[in-house]
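Enquirer: The sequence isn't on hand, but the structure is:
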């Protein structure tokens with residue numbers, strides 16, 4: 001291929017696969033607030049092979065230590081965003 005012809009190495013990127021799905025509701029505890037009014041919620045999910053995976057989601061209008069229920073609105077490669085329900 002083109003890359004091999006000119007001596008470039010082809011490196012496969014390891015993509016972050018979220019177990020969270022858009023539109024589903026989750027419950028978690030806010031660990032920290034990065035920006036005023038944006039809290040980071042960490043959720044522990046179980047992968048298909050049985051290993052536990054910690055995922056982060058940014059939820060607005062939260063305080064550190066607060067137990068929240070939220071719905072996932074947006075999933076991107078490195079981040080997830082959610083909407084506060086309770």
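Expert: Structure received. Here the structure is a predicted model, which is why all the values come from computation and not from measurement.
Enquirer: which stretches of the chain have low pLDDT?
Expert: Applying pLDDT under 70 to the chain flags residues 1-18.
Enquirer: Please repeat the previous calculation with a cut-off of 80.
Expert: Scanning the chain for pLDDT under 80 picks out 1-19, 47-48, 77-78.
Enquirer: show me where it has strands.
Expert: With DSSP state E as the criterion, the chain has strands at 25-35, 38-46, 52-60, 67-75, 80-84.
Enquirer: What strands flank the last one, and is each parallel or antiparallel?
Expert: The one in question is strand 80-84. strand 52-60 (parallel), strand 67-75 (antiparallel) (DSSP bridges).
Enquirer: so which of those gets nearest residue 85?
Expert: Each of the strands paired with strand 80-84 has some distance to residue 85 by Cβ to Cβ; the shortest is strand 67-75, at 4.7 Å. All C-beta spots, glycine's among them, are computed from the backbone N, C-alpha and C.
Enquirer: hmm, back to that, so which of the strands of the chain gets nearest residue 19?
Expert: Closest to residue 19 of these is strand 38-46 (Cβ to Cβ; 4.3 Å).
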